[in-house]
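Trainee: Structure for the following, please:
(2 chains)
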Amino acid sequence: MDKLELFFIKRYLKTPKRNLFRFSFVFMVLGIVLSVGILSAGLNLFQGYESNLKSLLLDSFAHIGIQSSYGDLISEQDSATIINQLSRKAEIISAIPSLEYPLLAQKGDKIRAINLRAYDFSLEFPYQKYINEGAIKLQSGEVIVGHYLAEELGLGLGDDIELNYPRFDRITPLGLQTAQNRYKIAALYRSGYYESDRSLVISTLDDARALMLLPQGYSKIELRLKDADKAGFFAREYSEDLGQNFIALPWNLYAESLLRLVAMEKWLIFIVFSFLVLIAGINVISAVSTIIIDKRSEIAVLKTLGASPRTIKRLFALRVGVVAILSVLIGQVFGVLLSWFVEKQSFYRLKGDVYFIDTLGAKITFPNLLIVFLVASFLIFLCVLFPLRQIQKMQIIEVIRHKH
Amino acid sequence: MILSAKHLKKTYIDSDQKIEVLTDACLDVASGDMICITGKSGSGKSTMLHIMGLLDAPDSGELIIGGNKIQAQSPKAPMIRNRDLGFVFQFHYLVEDLTATENVALPLMIAGQSETKARARAQELLCILGLSERLRRYPNQLSGGEQQRVSLARALANSPKLVLADEPTGNLDPTHSKEVWDLILSLNKGEFKQTFVIVTHDVEAAQAADQIFELVNGILIPA
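Mentor: Numbers count the residues shown, from 1 in each chain, chains lettered A, B, ... in the order given. From the prediction side, this is the model:
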């Protein structure tokens, strides 16, 4: 930046009202603020959706599940050995044995496929924070039911629910005999992750074993890590450590494709919304063209006084650039406000059966703010440069002759 | 010799019609000269001045400034316009968003001087030209005569070898017009010894110059 450019930029900033707040800039500023606002809000909301989904996924499932390599139950003795072995590892927050089986839940003629998980309630219960109604500690004969599952079956707190476990190896002369029992709903589970909320039933270990005629033991040991993103790495390590009888499966195995899809959608939305900024760039081209026509005499006089076309172009680029950059920043603030409004509004909720989660949340991250700023500034910069070519072509003598 | 224009020829084409404004115009300008070029409207006076100021290019002929042949399209032309030439036009051409001081400081900053030095020099010139009370005024807050005086101060900012003035009083009333002419004369005759080439249709005012030329049929004839 040479001395003249430095002088002008100081001048623009010192007296913005005279130099920057021009009528020809109004639509340019509005266009940039709105498009950048929408771009920012879109990215913030998608980032929020991605983060919420990931957080719910990680909270709803074990980060690593240790299972028998042959599909049998893990004996209590093996379970104790494994937990003891893993509890020394600093990266593990908790190691909880559990049973998990697919069952059927029934109320009258309504039947739903469910996922039964059973825990020892004398130990730590991993889903405590999602129990929004009822008791946290279960007694024998009680279950915790997912909020949407209860809603679909028309059940509430204190009602009975019937769980059926059809076993094809228990055939009687009267046909297939299913194991079934009634349980009292002691609590409702609501995580916000729709799939869990419409299919999860939690019981005590003893009730689960009694229903399914299972011996002592567990179907898996649920591990929760300090850093769930490293689950794949640690799962490989634990599989090697535990030998061939056990296998450690990370959460990524089941859910990473979903998160990748969401991340891809986020960037697709970003690209689509970036076109809005490009459309706003048309206003920028128009504003720059207008100011060049408006300031033809100024350009001619600067050329006459010996300023190079390059310097003059940079002066105009700076003038419009300062306004455009301020507009991008205001647009980003608008985007934050828009995201906040969408998050706080109550008249629209996500359909959980379509979008996996039922709440809209925005997440503002510095990298995203930077990306929006850089992309929007770059697109607008291109739109500023395009009309500035007129300055190069402008003949001083034509301007001076026409002024006479 | 500061500037030498030799056999300048310039033709315009207007609606398929060839208009020869300069056919064989020659002019030598020495240091300290005060030259007036007069002529009828459309005779090519301004074109002659624009060519001398490297704002326009002749079809043929030579222009020598400071001993060197130069053309308007030359990459050196902007630097010569900034360093060696000053311009005053009929319309003041001041930058509306800058104060009088900042307008005068422009050629100095284009030449690479710091803002502080440029402002100091600009204020000095404006004070010499009697505008000490108008330093912070914007062009639209000045009278026509004051605007032209600021324009003159800007032309003098880099102490050019030659100031080219195109109808400098053309837009002014008689009182302001006299004011500007007196100022030009004092700059030429006083301690500045500033060299001027002035294009004017005001034959009476031109009488104050050392040399007067009339542009007739594209040729400069001593009047």
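
Trainee: Check the residue of chain B found nearest chain A and give its pLDDT.
Mentor: Closest residue of chain B to chain A, Cβ to the nearest Cβ: B:Asn82 (2.5 Å). Where C-beta positions appear, they are placed from N, C-alpha and C, glycine not excepted. For B:Asn82, the pLDDT comes out at 93.

Trainee: what's the next secondary structure element after the lowest-mean-pLDDT helix or strand in chain B?
Mentor: Here the helix or strand of chain B ranked lowest by mean pLDDT, DSSP states H and E is helix B:203-206, holding a mean of 84. Next helix or strand after helix B:203-206 toward the C-terminus (DSSP states H and E): strand B:211-216.

Trainee: Tell me the buried residues in that following strand?
Mentor: Across strand B:211-216, burial judged by 16 or more other Cβ atoms under 10 Å in any protein chain shown covers B:211-215.

Trainee: could you give the mean pLDDT of it?
Mentor: 92.

Trainee: Next: stretch A:54-68.
Mentor: So the average pLDDT for stretch A:54-68 ends up being 85.

Trainee: And the furthest pair within the buried residues of strand B:211-216?
Mentor: Greatest spatial distance among the buried residues of strand B:211-216 (Cβ to Cβ): B:Gln211 and B:Leu215, at 13.4 Å.

Trainee: any weak-confidence spans in chain A?
Mentor: Applying pLDDT under 70 to chain A flags residues A:19-20, A:168-170, A:176-177, A:346, A:350-358, A:402-404.

Trainee: any idea how it splits into domains?
Mentor: A:3-57+A:258-403, A:62-250 (automatic domain parsing).

Trainee: Now distance to chain B and mean neighbour count too, for these, in JSON lines please.
Mentor: What follows is the domains of chain A, written out as JSON lines (distance: least, Cβ to the nearest Cβ, whole Å; neighbours: other Cβ atoms under 10 Å in any protein chain shown):
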{"stretch": "domain A:3-57+A:258-403", "distance to chain B": "3", "mean neighbour count": "18"}
{"stretch": "domain A:62-250", "distance to chain B": "53", "mean neighbour count": "17"}
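
Trainee: contact partners of the helix or strand encompassing A:Leu149?
Mentor: Per DSSP H and E: A:Leu149 is located in helix A:147-153. Applying Cβ atoms under 8 Å, 6 or more residues apart in numbering or on different chains, the external contacts of helix A:147-153 come out as A:105-107, A:110, A:112, A:114, A:132, A:156, A:159, A:161, A:185, A:188-190, A:194, A:197-201, A:352.

Trainee: How about residues contacting stretch A:68-86?
Mentor: With Cβ under 8 Å, 6+ apart as the test, stretch A:68-86 has contacts from A:66-67, A:92, A:95, A:97, A:214-221, A:223, A:238, A:241-242, A:244-247.

Trainee: returning to what we had before: using a markdown table, please lay out the domains of chain A together with distance to B:Lys40.
Mentor: Output for the domains of chain A, formatted as a markdown table (distance: least, Cβ to Cβ, whole Å):
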| stretch | distance to B:Lys40 |
| --- | --- |
| domain A:3-57+A:258-403 | 17 |
| domain A:62-250 | 86 |
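
Trainee: about what we covered before: got the contact list for the residue of chain B closest to chain A?
Mentor: Contact analysis of B:Asn82 by Cβ under 8 Å, 6+ apart lists A:305-307, B:107, B:110-111, B:158.

Trainee: got the residue ranges for the strands in the chain?
Mentor: In the absence of a named chain, this looks at chain A. A:64-68, A:92-107, A:110-119, A:131-134, A:142-146, A:160-172, A:175-189, A:200-204, A:220-225, A:246-250 (DSSP state E).

Trainee: Chain B, not that one
Mentor: B:3-14, B:17-29, B:34-38, B:60-65, B:68-69, B:85-88, B:162-166, B:195-199, B:211-216, B:219-222.

Trainee: Packing partners of the last one?
Mentor: If you count contacts as 3 or more Cβ pairs under 8 Å, 6 or more residues apart in numbering or on different chains; DSSP states H and E, strand B:219-222 packs onto strand B:17-29, strand B:211-216.

Trainee: tell me the centre residue of the chain?
Mentor: Using chain A here. Centroid-nearest residue in chain A: A:Glu50, 1.5 Å away (criterion: Cα atoms, centre = their mean).

Trainee: not what I meant, chain B
Mentor: With distances taken as Cα atoms, centre = their mean, B:Leu164 lies nearest the centre of chain B, 2.1 Å away.

Trainee: residue contacts, the nearest residue to it once chain neighbours are set aside?
Mentor: Distance criterion Cβ to Cβ, 6 or more residues apart in numbering or on different chains; nearest residue to B:Leu164, sequence neighbours excluded, is B:Gly53 at 4.8 Å. By Cβ under 8 Å, 6+ apart, the residues touching B:Gly53 are A:304, B:81, B:85, B:87, B:164.

Trainee: any idea how far B:Gly53 lies from A:Gly42?
Mentor: 55 Å (Cβ to Cβ, to the nearest Å).

Trainee: what do you get for B:Ala206?
Mentor: Per Cβ to Cβ, B:Ala206 is found 70 Å from A:Gly42.

Trainee: what's the answer for B:Asp97, then?
Mentor: Distance of B:Asp97 to A:Gly42, computed by Cβ to Cβ: 38 Å.

Trainee: likewise A:Ile83?
Mentor: Distance from A:Ile83 to A:Gly42, by Cβ to Cβ: 45 Å.

Trainee: What is the burial count for B:Gly32?
Mentor: B:Gly32 is flanked by 14 other residues according to other Cβ atoms under 10 Å in any protein chain shown.

Trainee: where's B:Pro174 relative to A:Ala105, distance?
Mentor: When distance is defined by Cβ to Cβ, B:Pro174 is 105 Å away from A:Ala105.

Trainee: can you check A:Gly192 too?
Mentor: Distance of A:Gly192 to A:Ala105, computed by Cβ to Cβ: 21 Å.

Trainee: Same check on A:Ile282?
Mentor: 58 Å.

Trainee: what's the answer for A:Glu133, then?
Mentor: Between A:Glu133 and A:Ala105 the computed distance is 18 Å (Cβ to Cβ).

Trainee: then the longest helix anywhere in chain B to CSV, C-alphas only?
Mentor: For chain B, the helix with the greatest residue count under DSSP state H is helix B:174-189. The C-alpha coordinates for helix B:174-189 follow below in CSV (Å, rounded to 0.1, in the frame of the first residue of the first chain):
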residue,chain,number,x,y,z
PRO,B,174,-15.1,39.4,-14.0
THR,B,175,-14.0,40.1,-10.3
HIS,B,176,-12.9,36.6,-9.6
SER,B,177,-11.4,36.3,-13.1
LYS,B,178,-9.2,39.4,-12.5
GLU,B,179,-8.2,37.9,-9.1
VAL,B,180,-6.9,34.7,-10.8
TRP,B,181,-5.2,36.5,-13.6
ASP,B,182,-3.4,38.8,-11.1
LEU,B,183,-2.3,35.7,-9.2
ILE,B,184,-1.0,34.0,-12.3
LEU,B,185,1.0,37.2,-13.2
SER,B,186,2.4,37.5,-9.7
LEU,B,187,3.5,33.9,-9.8
ASN,B,188,5.2,34.5,-13.1
LYS,B,189,6.8,37.8,-12.4
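
Trainee: avg pLDDT for it?
Mentor: The model assigns helix B:174-189 a mean pLDDT of 87.

Trainee: need the residues of chain B near chain A, please.
Mentor: Residues of chain B lying near chain A by Cβ under 8 Å from any Cβ of the partner chain: B:46, B:50, B:53, B:55-56, B:78-83, B:87, B:89-91, B:93-98, B:102, B:105-107, B:109-115, B:154.

Trainee: Quick check, B:Asp84 in contact with B:Gly67.
Mentor: No: using Cβ atoms under 8 Å, B:Asp84 makes no contact with B:Gly67, being 11.3 Å away.

Trainee: When those two are compared, which one has more neighbours?
Mentor: B:Asp84 (19 against 8).

Trainee: Show me chain B divided up by domain.
Mentor: According to automatic domain parsing, the ranges for chain B are B:1-84+B:161-171+B:180-223, B:87-159.
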